[in-house]
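Enquirer: Got a predicted structure here, sequence first:
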Amino acid sequence: MNENMIKVRNTQLATILLFTAVTTIPAMAKVTLIERTDRSFVLQTGEYMVKYAPFESKDGKAWVTIAHRNKPDTAIGTKLANGHFFDITDLGQDLSYKWDPPRKNYDMFRELGYAENSEQVTITLKSHRHWANLTGTIIAYKKHPGLLRWSVEADAVADKAFNVKPEPECHFITRNNIGWHRSPHDSTCYMVQRGPASGIVYFRDVPMETDVFYFQDFSSLNDMYRLTGFANPFEYPAEGSPGAARMGQAESDFQMASIDGKNINPPKPFDHTPKPHHQFGYHRPKGFRIPQGTKLIVDDTYLYLKPSKKKDNISVCKHFVESLATVYKYIYKPPMVKTDWANETVPRMCADIMRPLNSSYKNGHFYPRAYVSYEQADTQLWTVGNLLLPLIDYVKKHPQHKDAVELANRLEKTLPTFYDKKLDLISNNLPPLNPDAYEFHVWGMESITQVAEIARTGNKAAQKMIRDFKPNFMMLAKNMDYMFIEYARYSDSAVKGHYLFDMGSSFAMTMLTLYELSDGKETECLEAAKATAKTLEDRCMDLSWEMNFTPRFAYVCQWLYEITGEERYRELGWIPVANLLRWVWLWECDYGVGEHTTTFWGMCGTPSNPNSCEYESSVARRMMKEYVKMAGDYLNDDVALMLNDCWKRGMTQSRFAMPPYIIQAGGAKYIAKEGSNETNCGAVHYDQMLPLEDVNVGWGTDLTWFDNNGKSGVVGQEIYGASGPIWYALWQNEVEQ
């Protein structure tokens, strides 16, 4: 036995005696370093004990264990950065290994350091591998018992290639009379990361009786992704998801109601059944090399643990939002970029919308096309309503901008043309309509909501449209049990396709608008909105179809509370808020196109979408702004700050959906080529101040749109999404103040 191994064995006995003596834990302690030596520690954070006692491990594979203090033999184990060539908490190579050269040093673990102030306890662990010196830092936040953060920095002393399957940094472990060993825990997984959304895993650990919120701050990993050339911390499609934060396989997207309009399958409630899981956390990509002399962060983890209490859908979603809001205070946030939306962006954009190639005329009415230079003579209420709604307030505030005034006037005259008087229907497409055809309700429902919102501004034509449409709209919703499905037929309410659980928000908002316009007399509209809100009760983290619908439900729930005073409605609002936030990009890409843009507060347009979408993002920002304003003191300060950042910081992210601003920042090579050769819808023209529909992260190759590193703008340069910059112009002074 060599000298190092003798030191290990001698120190092991002393350390075991030390930890055996720690039999009492201060009952009132919140975040306290209970015991420390130069080789071990015990830290209490709330109800949880964090312990590092490496010499208790006979094989040298030491864990930092995190256990509920009333469940000491069941824990989450981490080596801060796990897997081949990491395992930084391990002691070193056991004698049974015969590798030549050895894969681990006998003296990998070197030292522990400690620091404490009024805000936090910090523990530093230094280790050595043949390829690098590794430094792990563990922080426990005193204001938030149960919240831990650890990060690992690698200082490469030799070139090192990583081609082995990565391991996440968190494993489920159990202790028996021999010691700690990996053992699955039954857990209800509420969500895992999909697509480029934040690196979150959220679940309930049954044996630990603990709700676990995990967040990997991808912003800290920019040096690794810049070095390796990987596109971004996810893979699309989601299966496997190397480079993502995950726990088992990601859940399926949507529930099918009916393929052909027959034999409708009823929607299933969210499944809270626990299942065994072995590990969770961030999976580094494989197949890259770290050169000698490189320093970089390879892991930056937040873990927030709280004893499990209520298991209902509202409580699960509320806990998710509040946990994320706490972690949000500490993660990296890029600087906001000042933009003169009101006097520079919007006037130029309005002029661009009215260019001949971007518009159509029919029967003397003006129709903006959905996309720049769209090949079709496009006439959609979707585009007209989106633009008119914010322009109504914009031209009142900025009457000096003549192009905006002209555009608003044209759109106002066009709006009534989307009402089919024969069928008494509002339609996304111009009449006459075929009542026996299946209508696609994503566009149709959104268009109806826009008319309702325009009606609230006092527009008489919009008020007449939704009042005349009310009987047919209510009949359709009632026949669908207020559970909206992808395709519907007005003639007989036949439906087919998937359930769109969040689409009911548009119907409910229209009903509440009618109730408001009637001064509370049309109580049947209020009852219909209540019935629609009730459909949220079976949903948990599986609500979203599109991000424009999801946050609208939060606003609707709060509006119902304001009308009825019934607490359950604003409590239901936690479900759509959580479902929006699970698809948000709370990380900043700083490589490839990210060096020239901002990704922070981008949003997947639909679940796991590999790019952010400006229309969906801008509607979500507006709904969150209105929701926070209406909810007031019901939201704690951390939640309100985070949700306000959705629209305040989100405006900077949206800035970089505009080609002139991307080019100004040096990112032209990451946009689809000008013209229509690389687009699916219309063309891209760099000189037009109109947003790209799809904004990507990473390196932006010439791969097709469904690949995770495709160029931005491959879908097209959208005009219907140009409502976002008009809203931002109206909010500009609030942000600057």
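Expert: Received the coordinates, thanks. Residues are numbered from 1 along each chain as shown.
Enquirer: which parts of the longest strand belonging to the chain are buried?
Expert: Across the chain, the longest stretch assigned as strand under DSSP state E is strand 295-307. Neighbour-count burial for strand 295-307, counted by 16 or more other C-beta atoms under 10 Å, picks out L296, I297, V298, D299, D300, T301, Y302, L303, Y304, L305, K306. Glycine gets a C-beta too; all of them are placed from N, C-alpha and C.
Enquirer: I'd like those as JSON lines, with pLDDT appended.
Expert: Shown next, in JSON lines, are the buried residues of strand 295-307 (pLDDT from 0 to 100):
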{"residue": "L296", "pLDDT": "94"}
{"residue": "I297", "pLDDT": "96"}
{"residue": "V298", "pLDDT": "94"}
{"residue": "D299", "pLDDT": "95"}
{"residue": "D300", "pLDDT": "98"}
{"residue": "T301", "pLDDT": "98"}
{"residue": "Y302", "pLDDT": "98"}
{"residue": "L303", "pLDDT": "98"}
{"residue": "Y304", "pLDDT": "98"}
{"residue": "L305", "pLDDT": "98"}
{"residue": "K306", "pLDDT": "97"}
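Enquirer: any idea which of those residues is closest to Q380?
Expert: Y302 (43.0 Å; C-beta to C-beta).
Enquirer: all strands in the stretch 1-150 of the chain, in order from the N-terminus.
Expert: Remark: strands assigned in the stretch 1-150 of the chain by DSSP state E, counting those that start in this stretch are 31-36, 41-45, 48-52, 64-68, 74-78, 109-116, 120-128, 132-141, 147-156.
Enquirer: helices and strands around the third one, which ones?
Expert: Pointing back at strand 48-52 there. strand 41-45, strand 64-68 (3 or more C-beta pairs under 8 Å, 6 or more residues apart in numbering; DSSP states H and E).
Enquirer: okay, now the closest residue to G666 other than its chain neighbours: neighbour count?
Expert: Nearest non-adjacent residue to G666, counting by C-beta to C-beta, 6 or more residues apart in numbering: H596, 4.8 Å away. Using other C-beta atoms under 10 Å, H596 has 18 neighbouring residues.
Enquirer: cool, the one 10 residues further on as well?
Expert: Around T606 sit 18 other residues, with neighbours defined as other C-beta under 10 Å.
Enquirer: same check, this time on S308
Expert: 17.
Enquirer: just K673 next, same as before
Expert: 17.
Enquirer: In contact with it: list those residues for me.
Expert: K673 makes contact with V684 under the criterion C-beta atoms under 8 Å, 6 or more residues apart in numbering.
Enquirer: what mean pLDDT does stretch 247-259 have?
Expert: Averaged across stretch 247-259, pLDDT comes to 85.
Enquirer: and the nearest residue to H272 once chain neighbours are set aside, what does it touch?
Expert: Computed as C-beta to C-beta, 6+ apart, the closest residue to H272 that is not its neighbour in sequence is T188, at 5.2 Å. Counting by C-beta under 8 Å, 6+ apart, T188 touches F203, R204, V206, H272, T273, P274, K275.
Enquirer: strands paired with the helix or strand harbouring T188, and their directions?
Expert: Using DSSP states H and E, T188 sits within strand 185-192. Pairing partners of strand 185-192, with direction, according to DSSP bridges: strand 199-205 (antiparallel), strand 275-277 (antiparallel).
Enquirer: that older thread, any idea which of the buried residues of strand 295-307 is closest to M108?
Expert: For these, the nearest to M108 is V298 (15.8 Å; C-beta to C-beta).
Enquirer: hang on, isn't the closest one packed against A154?
Expert: Yes. Using C-beta atoms under 8 Å, V298 is in contact with A154, at 5.3 Å.
Enquirer: quick revisit: which of the contacts of T188 count as buried?
Expert: Buried residues within these, counting neighbours by 16+ other C-beta under 10 Å: F203, R204, V206, P274.
Enquirer: gap between the last one and W341?
Expert: Yep, that's P274 we're talking about. Distance of P274 to W341, given as C-beta to C-beta, to the nearest Å: 48 Å.
Enquirer: so what's the closest residue to P184 other than its chain neighbours scoring on pLDDT?
Expert: Nearest residue to P184, sequence neighbours excluded (C-beta to C-beta, 6+ apart): P276, at 3.9 Å. For P276, the pLDDT comes out at 97.
Enquirer: how close does P276 sit to M247?
Expert: Taking C-beta to C-beta, one finds P276 at 11 Å from M247.
Enquirer: Overlap of the contact sets of the two?
Expert: The contact sets of P276 and M247 overlap at S187 (C-beta under 8 Å, 6+ apart).
Enquirer: Looking at those two, which has the bigger crowd around it?
Expert: M247 (24 against 12).
Enquirer: what sits against the more buried one?
Expert: Contacts of M247 by C-beta under 8 Å, 6+ apart are S187, C189, V192, V201, F203, H277, Q279, F280, G281.
Enquirer: Rebuild these as CSV, extending it with distance to I264.
Expert: Formatted as CSV, those follow (distance: C-beta to C-beta, whole Å):
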residue, distance to I264
S187, 33
C189, 28
V192, 30
V201, 34
F203, 32
H277, 33
Q279, 39
F280, 36
G281, 40
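Enquirer: Secondary structure element holding E524?
Expert: Per DSSP H and E: E524 is located in helix 523-534.
Enquirer: which other helices and strands contact that helix?
Expert: The contact analysis (3+ C-beta pairs under 8 Å, 6+ apart) places helix 523-534 against helix 460-479, helix 504-517, helix 550-564, helix 567-572.
Enquirer: mean confidence for it?
Expert: 98.
Enquirer: Tell me how far it lies from the chain's centre.
Expert: Relative to its parent chain, helix 523-534 has a centroid offset of 29 Å by C-alpha atoms, centre = their mean, to the nearest Å.
Enquirer: what's the angle between that helix and helix 550-564?
Expert: 130 degrees (axes from the mean of the first three to the mean of the last three C-alpha atoms, to 10 degrees).
Enquirer: what is the orientation angle of helix 523-534 with helix 460-479?
Expert: Using the same axes, to 10 degrees: helix 523-534 against helix 460-479 is 60 degrees.
Enquirer: and helix 523-534, which residues are buried?
Expert: Applying 16+ other C-beta under 10 Å to helix 523-534 flags C525, L526, A528, A529, K530, A531, T532, A533 as buried.
Enquirer: Between the residues you listed, which sits nearest S57?
Expert: Using C-beta to C-beta, the buried residues of helix 523-534 come closest to S57 at A533, 53.0 Å.
Enquirer: and the gap between that closest one and T513?
Expert: According to C-beta to C-beta, A533 and T513 sit 15 Å apart.
Enquirer: Low-confidence stretches in the protein?
Expert: Across the chain, the ranges flagged by pLDDT under 70 are 1-29, 58-60, 93-106, 230-242, 440, 442, 700-709.
Enquirer: Got the domain ranges for it?
Expert: Annotated domains of the chain cover 3-185+207-231+278-310, 341-736 [automatic domain parsing].
Enquirer: Any idea which of those gets closest to D253?
Expert: domain 341-736 (5.4 Å).
Enquirer: how far does stretch 77-90 stretch from start to finish?
Expert: 12 Å (C-alpha to C-alpha, to the nearest Å).
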